[in-house]
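Build me a structure from this.
(one chain, ligands or ions: 1)
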Amino acid sequence: MTPQARYDAVVVGAGFAGLYMLHRLRGLGLSVRVFETGDGVGGTWYWNRYPGARCDVESMQYSYSFSPELEQEWEWTERYPSQPEILRYLEHVADRFDLRRDIRFGTRVTRAAYDETEHVWRVETDRGDRVAARHLVTAVGCLSAARVPDFPGAASFRGPSHHTGRWPHEGVDLTGLRVAVIGTGSSGIQSIPVIAEQAAHVTVFQRTPNYSVPAWNRPLEPEYQSWVKANYPGLRRAMRESHTGLLDPGNPGSALEAGDEKRAREFEARWAKGGVTFLGAYGDIGISSEANEHAAEFVRAKIREIVADPEVAEKLSPRNHPLGTKRICVDTGYYATFNRPDVTLVDVREDPIVEITPTGVRTAAAEHPADVIVYATGYDAMTGPLLAIDITGKGGLSLRRKWEAGPRTYLGLMTAGFPNLFTVTGPGSPSVLSNMIVSIEQHVEWIADCVARLRAGGVAAIDADPLAEDAWMAHVNEIAGQTLFVRADSWYLGANIPGKPRVFMPYVGGVGVYREKCDQVAAAGYEGFVLSS
Ligand SMILES: Cc1cc2nc3c(=O)[nH]c(=O)nc-3n(C[C@H](O)[C@H](O)[C@H](O)COP(=O)(O)OP(=O)(O)OC[C@H]3O[C@@H](n4cnc5c(N)ncnc54)[C@H](O)[C@@H]3O)c2cc1C
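Residues are numbered from 1 along each chain as shown. The predicted structure is shown next:
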C-alpha cells in the first residue's frame with residue numbers, strides 16, 4: 001500500500017471560495033491540496049457558459065477585496081460582468097497568486113472520514129487519491145449540484161440536451177433550430193432572450209413565473225471605475241457592514257406609510273436604475289404581505305405594459321409567491337421576448353409535461369417539437385454538493401444521516417460531530433442571500449484566523465458544541481419565520497427537490513450583523529465550540 005500523502009489542509013472546490021482559501025492557508029505557511037471536479041478554476045463561472053450568463057451583482061462589487069493591488073489593476077468592462085469576463089478574472093487571480101500548482105483538476109472528492117485517533121481527515125477522490133489532512137474545508141459552492149428533473153422518456157430524445165450549469169465549453173450553435181427551454185428561474189430568464197435571437201423557434205416551459213427587473217447593462221464608465229478604485233476601502237467597509245453585501249443600503253422606510261404617489265415614484269426610480277436593489281425600495285417589502293403586494297403589483301403592471309398579448313402577460317405574472325421570496329431575477333429583454341412570433345410560452349401548471357419524446361416535449365395538451373432541449377432547472381442548492389460527498393465524522397456519524405431532516409450547523413461554519421471540517425458559505429450563514437463574494441471572504445478569513453490560532457495554541461481539533469448549534473438553528477429559523485421568505489416554495493427551502501426536507505437554509509439576519517456575531521465568537525475564545533488538544 002502506498003503511504004498516504006499528508007497535508008495541513010485539504011480544500012474542496014476551486015471557485016471564488018476555494019481559490020481564496022488556498023491563498024490564505026498558504027499564507028500561513030500550511031501545505032494545502034485543493035481538489036476540483038472541473039478542468040479549470042472558476043467554479044460557477046467555469047460551468048455556467050450558457051448564452052446570456054451574467055452576474056446580477058455589479059462588477060466593481062462582485063470581486064475580491066483582499067488585495068488592493070488586484071483591485072487597482074483589474075479593469076472591468078461592463079456594469080454587470082458576463083460569465084467569460086468573470087472567468088478571465090478568476091484565471092488571472094489563479095495566475096497572479098500562483099495558485100494552480102496546488103490544485104488537482106478533474107478530480108472529485110468522493111469520501112472524507114474523520115480519524116479520531118490522529119485528528120485527521122482521510123480524503124478520497126474518484127481518481128484514486130487518498131490523502132490525510134488536519135483541516136478539511138469544503139468550498140463546494142451553494143449552486144453547483146445541477147438538477148435535471150426526471151421526466152419520463154428523457155433518454156429517448158434524439159437531439160442534444162444541455163443543463164445551463166453544464167453548458168458545453170465549445171458552445172452550442174442554435175441557429176435555425178427549434179429549442180425547448182425548461183425552467184424560468186434566473187438562468188432561464190437570462191438565456192431565453194439570447195437563445196430566441198438565434199433559434200428558429202423557442203418553446204418556453206414555465207412552472208413558476210418569476211419577478212424580473214431590468215439590468216440596463218452597459219459599458220462601465222471610466223470615471224465611475226476610477227471613482228470606485230479611489231474609494232475602495234470605504235466602499236468595501238460599507239458593503240461588509242450592510243445587510244446584503246451590496247453598496248445600495250436600501251430604504252428603511254415603510255411602503256405602507258408612503259402614499260400611492262411617493263411609492264410609485266420610488267418603484268419607478270428603482271426600476272429605471274435596474275437590478276436587485278429594487279428589493280431595497282422599502283424596509284417592509286420582506287416582512288409585510290401588504291407592502292410586498294404593492295411592489296409585486298408594480299412589476300406585474302410593467303409586465304402588462306411590455307407584453308402585447310394580455311393572456312401571455314398574465315401567464316408571466318407571478319401571483320403565487322411574494323416578490324423577493326424566490327431569488328429575484330435581473331434580465332435583458334426577457335418579457336419583451338414573448339412579443340416575438342417565434343417564441344411560445346407553455347404554462348406547465350395548466351398543461352403539465354407528460355414526457356420527453358424522441359422529437360420533443362409532450363404536454364397533456366400538445367406535442368412540442370424540438371431539436372435541442374435546454375434544462376434551466378436549477379440546483380440542489382446549498383446541501384446538494386456537500387451531501388454528494390460521503391462524509392463521516394466522529395463515531396462514524398454520516399453527514400447524510402445527521403442532515404436527514406435538514407442541515408444543522410453552528411454559524412454555517414461547522415456542524416457538530418465533524419471536527420476540523422469547515423463549510424464556506426454553509427447553510428445557516430447569509431450566503432445566497434448576499435453578494436456572495438463578501439460572504440465568501442468573511443468565511444475564508446474567519447476560518448484562516450481560526451486555523452492559525454488553533455495551531456499556535458497547540459489545539460488539535462475544534463468542533464461545534466451541539467447546544468450552540470441547536471441555539472443557532474433556532475435563531476436562524478425564528479428570524480426566517482418573521483419574514484415572507486417561508487411563504488414561497490423556493491430552493492432556499494429545498495422545495496425544488498422532491499423529498500428534500502423543507503428547512504429555510506440561509507441566515508436572513510444580514511451580513512453585517514452576522515459578521516459581528518462571528519467575530520464576537522472568535523474573540524471570546526471560540527464560544528460555542530469545543531477545542532481539544
Ligand atoms: C448562474 C449563476 C448565477 C449567479 N449569480 C450570482 C450573482 O449575481 N451574485 C452572487 O453573489 N452570486 C451569484 N451566484 C452564486 C455563485 O455561485 C457565487 O457567487 C460564487 O461563484 C460561489 O463561489 P464558490 O467558490 O463558493 O462556489 P462555486 O463557484 O460553485 O465553486 C465550487 C466548486 O467546487 C467544485 N466541487 C463541488 N463538489 C466537489 C467535489 N466533491 N470534489 C471536487 N470539486 C467539487 C465544483 O466543481 C465547483 O467548481 C450565481 C450562481 C449561478 C449558478
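
Now name the helix or strand holding the residue of the stretch 151-300 of the chain found nearest the ligand.
Of all residues in the stretch 151-300 of the chain, S187 sits closest to the ligand, at 5.1 Å by CB to the nearest ligand atom. In this view, the C-beta of every residue, glycine as well, is placed from N, C-alpha and C. Using DSSP states H and E, S187 sits within helix 186-198.

and that helix, what does it pack onto?
Under the contact criterion of 3 or more CB pairs under 8 Å, 6 or more residues apart in numbering; DSSP states H and E, helix 186-198 touches strand 178-182, strand 201-206, strand 329-331, helix 334-337.

repeat that for 10 Å
For helix 186-198, the elements it packs on are strand 178-182, strand 201-206, strand 212-214, strand 329-331, helix 334-337, strand 343-347, strand 372-375, judged by 3 or more CB pairs under 10 Å, 6 or more residues apart in numbering; DSSP states H and E.

Taking their axis directions, that helix and strand 201-206 sit at what angle?
160 degrees (axes from the mean of the first three to the mean of the last three CA atoms, to 10 degrees).

What are the buried residues along helix 186-198?
Under the neighbour-count criterion of 16 or more other CB atoms under 10 Å, helix 186-198 has S186, S187, G188, I189, Q190, S191, I192, P193, V194, I195, A196 buried.

My guess is the second one contacts N48. True?
Right, the one you point to is S187. Yes. Between S187 and N48 there is a contact at 7.2 Å, judged by CB atoms under 10 Å.

Residues that sit against both of the two, list them.
Contact criterion CB atoms under 10 Å, 6 or more residues apart in numbering; residues bridging S187 and N48 by contacting each: L143, H163, T164, G165, W167.

pLDDT of the helix holding S187, averaged?
Taken as a whole, helix 186-198 has a mean pLDDT of 98.

same thing with stretch 120-130?
Mean predicted lDDT for stretch 120-130 stands at 97.

Pull the distance from that stretch to the chain's centre.
26 Å (CA atoms, centre = their mean, to the nearest Å).

Mind pulling the model confidence for S533?
85.

would a markdown table of the buried residues of helix 186-198 with distance to D129 be doable?
Output for those, formatted as a markdown table (distance: CB to CB, whole Å):
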| residue | distance to D129 |
| --- | --- |
| S186 | 34 |
| S187 | 32 |
| G188 | 37 |
| I189 | 39 |
| Q190 | 36 |
| S191 | 36 |
| I192 | 41 |
| P193 | 43 |
| V194 | 39 |
| I195 | 39 |
| A196 | 44 |
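
and whichever residue of the stretch 301-450 of the chain sits closest to the ligand, what is it in contact with?
As assessed by CB to the nearest ligand atom, the ligand sits closest to M436 within the stretch 301-450 of the chain, at 3.4 Å. Residues in contact with M436 (CB under 10 Å, 6+ apart) are 15-17, 44, 55, 57, 62, 141-143, 245, 425, 430.

So which of the residues you listed sit within helices?
F16, A17, T44 (DSSP state H).

can you tell me which residues contact R101?
R101 sits next to A94 when contact means CB under 10 Å, 6+ apart.

Against H163, how distant is it?
31 Å (CB to CB, to the nearest Å).

L386 now?
20 Å.

who in the stretch 51-200 of the chain is up against the ligand?
53, 55-57, 108-109, 139-144, 165, 187 (CB under 6 Å from any ligand atom).

Any regions of the protein where pLDDT drops low?
Within the chain, the segments meeting pLDDT under 70 span 1-3.

hey, which helix is longest across it?
The chain, longest helix under DSSP H: helix 436-456.

Could I get the CA-only coordinates of it as CSV?
The C-alpha coordinates for helix 436-456 follow below in CSV (Å, rounded to 0.1, in the frame of the first residue of the first chain):
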residue,chain,number,x,y,z
MET,A,436,-21.6,36.1,-2.2
ILE,A,437,-18.1,37.4,-2.6
VAL,A,438,-18.5,39.4,0.6
SER,A,439,-19.7,36.3,2.4
ILE,A,440,-17.0,34.1,1.0
GLU,A,441,-14.2,36.5,2.0
GLN,A,442,-15.7,36.8,5.5
HIS,A,443,-15.8,33.0,5.9
VAL,A,444,-12.4,32.3,4.4
GLU,A,445,-10.8,34.9,6.7
TRP,A,446,-12.6,33.7,9.8
ILE,A,447,-11.5,30.1,9.0
ALA,A,448,-7.9,31.0,8.3
ASP,A,449,-7.7,33.0,11.5
CYS,A,450,-9.2,30.1,13.4
VAL,A,451,-6.8,27.6,11.9
ALA,A,452,-3.8,29.9,12.7
ARG,A,453,-4.9,30.3,16.3
LEU,A,454,-5.5,26.6,16.8
ARG,A,455,-2.1,25.8,15.5
ALA,A,456,-0.4,28.5,17.6
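
Enumerate the residues of this structure near the ligand.
Counting by CB under 6 Å from any ligand atom, the residues of the chain near the ligand are 12-18, 35-38, 43-44, 46, 48, 53, 55-57, 108-109, 139-144, 165, 187, 385, 388-389, 424-425, 435-436, 440.

quick one: contacts for the closest residue in space to D380 that isn't next to it in sequence?
Nearest-residue entry for D380: A145, 4.3 Å, with adjacent residues in sequence omitted and distances by CB to CB, 6 or more residues apart in numbering. Contact analysis of A145 by CB under 10 Å, 6+ apart lists 165, 378-388, 497.

got those as JSON lines, with secondary structure and neighbour count columns?
Output for those, formatted as JSON lines (DSSP: H, G, I helix; E, B strand; the rest coil; neighbours: other CB atoms under 10 Å):
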{"residue": "G165", "secondary structure": "helix", "neighbour count": "23"}
{"residue": "G378", "secondary structure": "coil", "neighbour count": "24"}
{"residue": "Y379", "secondary structure": "strand", "neighbour count": "22"}
{"residue": "D380", "secondary structure": "coil", "neighbour count": "19"}
{"residue": "A381", "secondary structure": "coil", "neighbour count": "27"}
{"residue": "M382", "secondary structure": "coil", "neighbour count": "30"}
{"residue": "T383", "secondary structure": "coil", "neighbour count": "24"}
{"residue": "G384", "secondary structure": "helix", "neighbour count": "21"}
{"residue": "P385", "secondary structure": "helix", "neighbour count": "21"}
{"residue": "L386", "secondary structure": "helix", "neighbour count": "23"}
{"residue": "L387", "secondary structure": "helix", "neighbour count": "18"}
{"residue": "A388", "secondary structure": "coil", "neighbour count": "17"}
{"residue": "I497", "secondary structure": "coil", "neighbour count": "18"}
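
Present these as a markdown table; the columns should include distance to E314.
Shown next, in a markdown table, are these (distance: CB to CB, whole Å):
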| residue | distance to E314 |
| --- | --- |
| G165 | 30 |
| G378 | 24 |
| Y379 | 29 |
| D380 | 31 |
| A381 | 29 |
| M382 | 33 |
| T383 | 35 |
| G384 | 34 |
| P385 | 37 |
| L386 | 40 |
| L387 | 39 |
| A388 | 39 |
| I497 | 29 |
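
Tell me who's in contact with A215.
54-56, 58, 78-80, 190, 274-276, 329-334.

Repeat that for V148.
Counted by CB under 10 Å, 6+ apart, V148 has contacts A154, S161, H162, H163, G165, R166, I182, G183, I373, Y375, T377, G378.

cool, and I328?
D56, S186, N210, Y211, S212, V213, G275, V276, T277, F278, L279, V299.

Same question for R263.
G253, S254, A255, L256, E257, A281, Y282, A291, H294, A295, F298.

And the strands in the stretch 1-150 of the chain?
Counting by DSSP state E, counting those that start in this stretch, one finds strands in the stretch 1-150 of the chain at the ranges 5-12, 32-35, 103-104, 109-115, 120-125, 130-138.

Now do the fifth one against strand 109-115: the angle between them, please.
Yep, that's strand 120-125 we're talking about. Going by the same axes, to 10 degrees, strand 120-125 makes 160 degrees with strand 109-115.

mind listing what strand 120-125 pairs with, with the direction of each?
Strand pairing for strand 120-125, determined by DSSP bridges: strand 109-115 (antiparallel), strand 130-138 (antiparallel).

Including mean neighbour count, could the ones you listed go into TSV?
Below are the strands paired with strand 120-125 laid out as TSV (neighbours: other CB atoms under 10 Å):
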stretch	mean neighbour count
strand 109-115	18
strand 130-138	22
